[in-house]
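Asker: Provide a 3D model corresponding to the input given below.
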Amino acid sequence: MARKKTEVEHTKHDEKRFNIPTNEMRGFVKEAENTPYNVMYERDPSLDPQLVWTGKSNEDLNVPAVLIYIQEKIHPRALIEDLLKEDKQEQAELFADFNGLDKADFEKNVDFYSHEDDRMPHWSNRMILGDSLLVMNSLAEKEGLRGKAQMIYVDPPYGIKFGSNWQISTRRRDVKDGKVEDIAREPEVIRAFRDTWEKGIHSYLAYLRDRFMASRDLLNETGNIFVQISDENVHLVRSLLDEVFGAGNFVSQINFRSMTALGASGMANVYDYVLWYAKNIKMYKYRPLYVERKIGDEKEFGFVAEEDGKYQRIKLDDLNHTDIPLIRRLFRRSELRSSGYTPSCTYPFQYDGKTFTPTAGKSWRTHSVGMANLIAAHRILVLGQTPYYRQYFMDFPAMNMENSWTDTAAGYSEAKKYVVQTSERVILRCLLMTTDPGDLVIDPTCGSGTTAYVAEQWGRRWVTVDTSRVALALARTRLMASRYPFYLLADSSEGVKKESELMNQVPPIYVTRNDIRKGFVYQRIPHVTLKSIANNSEITEGMTREQIDAAIARHAEQELLYDKPYEDRSKIRVSGPFTVESLSPHRMLSTDDTRPTSERDGAQNADDQFVPLVIENLLSAGIQNTKKNERLKFEALHAHPGTWIHATGSFTDSNGTEKRVAVSIGSEHASVTPKQLQEAAKEAVQGISFDILVICGYAFDPHVGEESKKYGDLVVLPAKMNEDLRMGKALKKSANANLFMVFGEPDIDIRKTKDGQIEVEVKGVDVYDPNTGEIRSDTPDEIACWFIDTDYNEESFFVRHAYFLGADDPYKRLKQALRAEIDEEAWASLYSAVSRPFPESKSGKIAIKVINHYGDEILKVYDV
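Answerer: Next up is the predicted model:
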């Protein structure tokens with residue numbers, strides 16, 4: 001019999017999001033929106049006891065509200081559809097409906113930040129490159145997400161070594177200080193955070209406090225924040241959270257076994273911690289999770305009921321754990337008296353020839369009818385002169401999850417993709433306890449994207465942020481290639497049928513909408529309580545023991561297992577649509593007044609502090625390309641009073657030839673534009689001629705690469721600045737830190753196939769060698785992945801083709817799930833430097849984005 005086709009689905013959310021500009025449409029942003037302004041977060045030093053540290057300020061926090069721009073639109077399901085044997089038409093339809101806005105109405109498409117419903121696009125999850133404080137502030141202030149987040153998970157640097165400088169690459173986790181080793185091709189675990197603040201814990205606490213304040217602003221009144229931290233600073237961070245959220249909003253301190261022991265000698269420190277605070281402890285959302293109750297966990301279950309209602313004592317150590325009939329008769333005593341006083345529950349009752357009355361000021365836990373039910377059900381136990389309630393082990397063979405988790409260490413979780421990757425199990429439990437499907441989850445410390453991955457699997461909306469391009473490169477690949485179980489939606493025809501089956505009811509007749517916000521159909525476990533027996537109207541005198549037990553079972557409460565929804569195994573699910581975004585690409589000068597006071601030491605003003613800071617670090621760190629021993633080390637570098645040239649210097653190549661260098665520096669929140677490159681190049685070739693022009697920037701306009709080739713003998717090197725430079729003077733300077741990195745231009749060949757389709761090949765990367773002063777072609781090994789928009793409309797970059805040259809088969813699990821449906825040849829091309837052939841572009845243009853192992857990107861546009 002032919003195997004049934006496996007359906008591929010994704011989660012759809014009915015919510016909308018503000019329409020924000022793509023990088024391509026930045027010119028259509030209204031001046032009022034484009035002009036940054038400060039948002040103030042008030043501090044109240046009169047609240048809870050507070051920590052004091054060097055440089056701490058009690059002034060209100062002021063943060064500039066900057067724009068966030070979309071760089072990529074990714075629809076993983078559309079990519080999968082292109083790899084299947086069936087008709088590829090659905091891929092185009094998925095991209096066409098990405099936003100849900102009328103493409104013909106250009107005015108609506110460029111009406112950014114509108115509150116009108118018909119001008120807001122469909123919800124898509126978000127992966128944002130940038131400083132988390134600026135991003136969270138913009139989400140709250142400019143995009144209407146203030147008070148909308150249900151959960152925020154923060155996994156900051158633990159602060160273990162404040163003096164270390166760790167390198168960044170997707171290929172290795174065990175990168176050593178000052179080294180870039182080219183030994184592997186897989187995007188592996190990496191060193192991706194740096195605790196490089198010269199003021200140590202003082203800088204760390206200021207950094208965290210500001211971000212906790214921004215997080216609190218994003219949470220709704222039922223929301224929760226979780227902060228993961230090690231034992232080194234858990235006491236300080238807890239005090240900091242008391243200060244920001246209020247000690248009264250503390251919920252729990254969870255300790256979980258970490259994947260590796262952190263202790264070097266003496267007693268091994270094998271636990272990390274999660275601090276859990278509510279926005280409002282009186283309103284916070286909580287969904288209980290349960291674990292299996294094990295025989296022996298609770299020694300109180302030391303009684304065994306006999307058939308005649310009597311009992312005998314038993315030692316649990318002697319109990320045969322496989323003797324199910326015996327375990328079913330295992331019980332413990334529980335108080336029958338209430339902790340308070342209720343007049344209707346104060347009465348005498350008779351049992352086994354004795355009369356019992358509650359002590360003065362107390363009452364029973366149920367009314368007289370309920371007590372009769374308990375007696376009929378053989379649920380009364382008398383010890384001495386005191387009656388108790390019999391609570392059987394099997395009444396509820398589960399227990400509420402406690403705050404010590406031992407099953408989160410290595411061996412329980414998937415292999416790490418990232419050196420500071422959190423166990424999925426830790427984040428999952430936090431998410432399931434405090435959110436429902438459709439809720440918004442924010443992670444300002446993306447890392448490898450574990451929070452986004454877990455949120456996607458469980459139907460939550462997500463926004464994740466990181467300053468590391470490598471982190472986002474790994475997270476992007478992980479989300480694009482992930483497969484998830486297809487959980488039965490409560491608001492689906494299949495879900496309604498399953499729910500009715502579980503409740504032993506006739507399915508109701510109504511139109512289902514597959515609304516994720518109505519949750520999944522969950523497995524459940526019966527919970528027999530004193531109350532459910534006492535209020536059971538089926539129990540009457542004269543019933544047999546079996547009849548009473550059956551009546552008790554029918555009326556038992558049902559506890560939902562939020563971590564065990566029912567699956568439809570005929571379907572699989574991939575990630576829903578998401579965007580990759582970054583902070584404003586526009587030039588914006590930041591003054592001391594627009595920076596948080598706590599970070600004022602690191603304020604970066606393009607006219608005052610920023611340029612000297614960059615020059616100072618450029619002189620000490622030099623410029624690294626992608627090769628281990630190829631670093632441009634300046635012998636001298638001095639500030640230059642030019643318009644576009646900010647510094648001049650020199651270095652000597654391997655031939656002993658001195659090379660003169662001009663440096664142009666982009667501003668803090670700016671992408672370097674072709675205009676800046678043009679003007680800097682003009683200035684560099686006038687008067688004293690320079691050999692090399694270095695353009696430093698946090699990000700570059702997609703067209704800078706093409707512009708850099710137009711200046712003859714002048715070698716133009718775009719140098720990406722590491723986001724660590726945003727720490728300003730607090731950044732520890734090191735000659736081995738890769739603060740400035742040159743990523744070579746990709747060597748791309750575009751050709752027509754015999755049938756008239758287009759084929760693209762990435763042949764390698766042009767790399768500048770500062771030792772020889774030459775530009776040479778390198779292999780594609782430096783490329784982690786590359787994407788094609790096969791029909792680039794100059795409005796948005798859609799990832800229509802994706803290729804992973806450095807990946808260790810990220811789509812392996814998805815391929816195994818689809819099996820017969822895949823096109824083997826198309827699937828094999830996922831790991832190729834040569835694209836699958838595709839039809840000519842309707843727009844006449846294609847765009848190609850190439851990403852290296854350091855997360856650096858180059859976008860090139862071609863007419864075809």
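Asker: Any figure for the gap between the residue with the largest distance to the centre of the chain and G495?
Answerer: Distance to the chain centre peaks in the chain at G353, reaching 63.9 Å (criterion: CA atoms, centre = their mean). With distances taken as CB to CB, to the nearest Å, G353 is found 53 Å from G495. To be clear about C-beta, it is placed using only N, CA and C from the backbone, and glycine gets the same treatment.
Asker: And H527, by the same measure?
Answerer: Distance from H527 to G495, by CB to CB: 23 Å.
Asker: Tell me which of these two has more neighbours.
Answerer: Using other CB atoms under 10 Å as the criterion, H527 and G495 rank with G495 on top: 22 against 15.
Asker: List the residues that contact that one.
Answerer: 488-489, 512, 520-521 (CB atoms under 8 Å, 6 or more residues apart in numbering).
Asker: Tell me the one among those nearest to S239.
Answerer: F520 (38.5 Å; CB to CB).
Asker: separation between the residue farthest from the centre of the chain and S215?
Answerer: Per CB to CB, G353 is found 64 Å from S215.
Asker: show me the contacts for L431.
Answerer: Applying CB under 8 Å, 6+ apart, the residues near L431 are 151, 153, 441, 451, 454-455, 458, 460.
Asker: so what pLDDT did I281 get?
Answerer: Note on I281: pLDDT of 98.
Asker: What of the one 5 residues further on?
Answerer: Y286 is assigned a predicted lDDT (pLDDT) of 98.
Asker: Pretty sure it sits against M433.
Answerer: Yes. At 6.1 Å, Y286 and M433 qualify as touching, with contact defined as CB atoms under 8 Å.
Asker: Compare those two (neighbour count), which wins?
Answerer: M433 (21 against 11).
Asker: There's contact between V454 and R425 in this structure, I believe.
Answerer: No. The criterion here is CB under 8 Å, and V454 misses it with R425 at 9.2 Å.
Asker: Between the two, tell me which one has more neighbours.
Answerer: Neighbours were counted for V454 and for R425 using other CB under 10 Å; V454 has more, 25 against 18.
Asker: what separates the residue farthest from the centre of the chain from V382, distance-wise?
Answerer: Distance, G353 to V382, by CB to CB: 10 Å.
Asker: D823 too?
Answerer: Distance from D823 to V382, by CB to CB: 74 Å.
Asker: do E668 as well
Answerer: Note on E668: its distance to V382, by CB to CB, is 77 Å.
Asker: Tell me which of those two has more neighbours.
Answerer: Set side by side, E668 and V382 show more neighbours around E668, with 28 against 14, by other CB under 10 Å.
Asker: Secondary structure class of the more buried one, three-state.
Answerer: Three-state call for E668 (DSSP: H, G, I helix; E, B strand; the rest coil): coil.
Asker: any chance you could map the helices in the stretch 251-400 of the chain?
Answerer: Applying DSSP state H, counting those that start in this stretch to the stretch 251-400 of the chain gives helices spanning 324-328, 368-376.
Asker: nearest to K849, of the ones you listed?
Answerer: Taking the helices of the stretch 251-400 of the chain one by one with CB to CB, helix 324-328 is closest: 59.8 Å.
Asker: Buried residues in the closest one, which are they?
Answerer: Within helix 324-328, the residues that count as buried by 16 or more other CB atoms under 10 Å are I327.
Asker: what's the offset of that helix from the middle of its chain?
Answerer: Its chain's C-alpha centre and that of helix 324-328 lie 44 Å apart, by CA atoms, centre = their mean, to the nearest Å.
Asker: Alpha carbons of that helix, as PDB, please.
Answerer: Output of helix 324-328 as PDB, limited to C-alpha atoms (Å, rounded to 0.1, in the frame of the first residue of the first chain):
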ATOM      1  CA  ILE A 324       0.800  -2.900  41.100                       C
ATOM      2  CA  PRO A 325      -2.200  -4.200  43.000                       C
ATOM      3  CA  LEU A 326      -0.300  -3.500  46.300                       C
ATOM      4  CA  ILE A 327       0.700   0.000  45.100                       C
ATOM      5  CA  ARG A 328      -2.900   0.800  44.300                       C
END
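Asker: Show me the shaky parts of the stretch 1-150 of the chain.
Answerer: 1-4, 47-48, 85-92 (pLDDT under 70).
Asker: let's see 80
Answerer: Along the stretch 1-150 of the chain, segments meeting pLDDT under 80 span 1-6, 44-50, 53-59, 84-97, 103-104.
Asker: quick one: D515 from G438, how far?
Answerer: Applying CB to CB to D515 and G438 gives a distance of 8 Å.
Asker: who's more crowded, these two?
Answerer: More neighbours surround G438 than the other of D515 and G438, with 19 against 16 (other CB under 10 Å).
Asker: show me the contacts for the residue nearest to that one when sequence neighbours are not counted.
Answerer: Leaving aside its sequence neighbours, G438 sits nearest to R517 (CB to CB, 6 or more residues apart in numbering; 3.7 Å). Contact analysis of R517 by CB under 8 Å, 6+ apart lists 14, 436-438.
Asker: what separates the residue farthest from the centre of the chain from A550, distance-wise?
Answerer: 29 Å.
Asker: how deep is the residue lying closest to E141 once chain neighbours are set aside tucked in, by neighbour count?
Answerer: Computed as CB to CB, 6+ apart, the closest residue to E141 that is not its neighbour in sequence is A65, at 4.4 Å. Per other CB under 10 Å, the neighbour tally for A65 reads 19.
Asker: Ok, the one 4 residues further on next?
Answerer: Other residues near Y69 number 24, with proximity taken as other CB under 10 Å.
Asker: Show me the beta-bridge partners of it.
Answerer: As for beta bridges, Y69 partners with S582 under DSSP bridges.
Asker: right, and it touches T22 too?
Answerer: Yes. Y69 lies in contact with T22 (CB under 8 Å); the separation is 6.5 Å.
Asker: Now do the strand or helix carrying H235: which elements does it pack against?
Answerer: Assigned by DSSP states H and E, H235 falls within helix 234-245. Packing contacts for helix 234-245, counted by 3 or more CB pairs under 8 Å, 6 or more residues apart in numbering; DSSP states H and E, involve helix 201-218, strand 219-229, strand 250-257, strand 271-278.
Asker: my read is R524 is in a helix, agree?
Answerer: No. Looking at R524 with three-state DSSP, it is strand, so not inside a helix.
Asker: how close does it get to M503?
Answerer: 10 Å.
Asker: for R329, same thing?
Answerer: Distance from R329 to M503, by CB to CB: 29 Å.
Asker: you'd agree N62 is up against N38?
Answerer: Yes. At 4.5 Å, N62 and N38 qualify as touching, with contact defined as CB under 8 Å.
Asker: As a markdown table, the contacts of L431 with secondary structure, distance to N655 and pLDDT would be great.
Answerer: Listed next are the contacts of L431 as a markdown table, based on DSSP: H, G, I helix; E, B strand; the rest coil; distance: CB to CB, whole Å; pLDDT from 0 to 100:
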| residue | secondary structure | distance to N655 | pLDDT |
| --- | --- | --- | --- |
| M151 | strand | 58 | 99 |
| Y153 | strand | 53 | 98 |
| V441 | strand | 56 | 99 |
| T451 | helix | 51 | 96 |
| V454 | helix | 54 | 97 |
| A455 | helix | 55 | 98 |
| W458 | coil | 60 | 98 |
| R460 | coil | 58 | 98 |
